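Trainee: Predicted structure and sequence below. I'll ask about it afterward.
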Amino acid sequence: MIKNLTAKGLSIESDSFQVIEGLLKGRSFSAEELQVVMRVIHATGDPQYEELMEFHPGAIEAALKAIKEGRDILVDVKMAESGISRKILEEFGGKTICLISDNDVIEAAKAEGKTRAEVAMEKAVESGCGIGIVAIGNAPTALMKIMEMVDNGLFMPDLIIGVPVGFIMAEESKTELMKRDYPFISCRGRKGGSSVAVAVLNALLRIAWSNTPA
């Protein structure tokens with residue numbers, strides 16, 4: 001069984017989603033998008049995400065294709081990596097990539113005057129890994145660097161999840177992402193964070209799993 005919850009845990013989760021359904025104001029989403037939104041609200045305790053979440057029209061299809069093809073997920077920080085449902089991801093053949101704590105990334109960031117998050121994105125792309133999804137919840141500079149590489153034709157993931165939190169560049173980086181014509185999932189404003197990125201990823205992984213024949 002992919003989901004390892006006790007009967008009591010399952011009951012609490014089910015009850016939580018019933019409460020969330022009662023709080024929704026009826027914004028129009030596809031069935032899959034709504035699952036993502038509800039998972040984000042569940043993770044954050046914040047119903048405002050119903051109004052904040054934004055989906056490129058091709059986001060869900062692109063995400064499910066990447067997951068089912070076993071493509072990897074690049075994240076900006078270890079907190080995000082630790083929260084992903086790896087068992088589901090690994091069932092499809094994918095893995096997580098997070099380079100922010102690697103010694104060469106730390107040294108290069110110091111030498112080049114960049115953030116570790118920027119350098120980690122560059123190193124991951126340069127490595128030629130089979131990255132299908134990029135998920136940024138913490139570092140706006142990572143999101144800006146990914147968009148720069150995509151815009152310059154150096155990289156094209158199937159989906160970018162850009163939900164960095166904060167007061168410096170977070171809102172601006174997400175606004176830039178939402179102007180792009182490639183698949184993305186984001187949220188408006190200063191809210192976001194690794195918990196949101198993980199919630200989005202885990203919702204997508206569960207959708208992919210539920211849509212896969214036994």
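Mentor: Looks like it arrived, so ask away.
Trainee: Every contact and neighbour count from this point should use C-alpha atoms.
Mentor: Will do.
Trainee: Residue 23: neighbouring residues, count only.
Mentor: Residue 23: 12 surrounding residues under other C-alpha atoms under 10 Å.
Trainee: Same question for the one 10 residues further on.
Mentor: Close neighbours of residue 33, defined as other C-alpha under 10 Å, add up to 20.
Trainee: Let me see the ranges of the helices in this protein.
Mentor: Remark: helices assigned in the chain by DSSP state H are 7-23, 31-44, 49-52, 59-68, 78-83, 86-91, 103-112, 116-126, 140-151, 170-177, 194-210.
Trainee: With distance to residue 97 as added columns, please give the ones you listed in TSV.
Mentor: As requested, these are arranged in TSV below (distance: least, C-alpha to C-alpha, whole Å):
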stretch	distance to residue 97
helix 7-23	29
helix 31-44	22
helix 49-52	27
helix 59-68	14
helix 78-83	8
helix 86-91	12
helix 103-112	13
helix 116-126	8
helix 140-151	14
helix 170-177	21
helix 194-210	14
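Trainee: Kindly report which one of those helices carries the lowest mean pLDDT.
Mentor: Lowest mean pLDDT of those: helix 7-23, a mean of 83.
Trainee: could I have that helix exported to PDB, CA atoms only?
Mentor: Provided in PDB are the C-alpha atoms of helix 7-23 (Å, rounded to 0.1, in the frame of the first residue of the first chain):
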ATOM      1  CA  ALA A   7      -7.200   3.900  10.300                       C
ATOM      2  CA  LYS A   8      -7.400   6.800  12.700                       C
ATOM      3  CA  GLY A   9      -5.000   8.800  10.500                       C
ATOM      4  CA  LEU A  10      -7.100   8.100   7.400                       C
ATOM      5  CA  SER A  11     -10.300   9.200   9.300                       C
ATOM      6  CA  ILE A  12      -8.700  12.500  10.400                       C
ATOM      7  CA  GLU A  13      -7.500  13.200   6.800                       C
ATOM      8  CA  SER A  14     -10.900  12.400   5.400                       C
ATOM      9  CA  ASP A  15     -12.600  14.600   7.900                       C
ATOM     10  CA  SER A  16     -10.200  17.400   7.200                       C
ATOM     11  CA  PHE A  17     -11.000  17.300   3.500                       C
ATOM     12  CA  GLN A  18     -14.700  17.400   4.200                       C
ATOM     13  CA  VAL A  19     -14.100  20.600   6.200                       C
ATOM     14  CA  ILE A  20     -12.000  22.000   3.400                       C
ATOM     15  CA  GLU A  21     -14.800  21.300   0.900                       C
ATOM     16  CA  GLY A  22     -17.200  23.300   3.100                       C
ATOM     17  CA  LEU A  23     -14.800  26.300   3.100                       C
END
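Trainee: Can you give the contact residues for it?
Mentor: If you take C-alpha atoms under 8 Å, 6 or more residues apart in numbering as the criterion, helix 7-23 is touched by 38, 41-42, 47.
Trainee: What of stretch 113-130?
Mentor: Here stretch 113-130 has contacts from 71-72, 74, 76-77, 97-100, 105-106, 108-109, 131, 139, 141-142, 145-146, 155, using C-alpha under 8 Å, 6+ apart.
Trainee: What subset of the residues you listed is buried?
Mentor: Among the contacts of stretch 113-130, those classed as buried by 16 or more other C-alpha atoms under 10 Å are 71-72, 74, 76-77, 97-100, 105-106, 108-109, 131, 139, 141-142, 145-146, 155.
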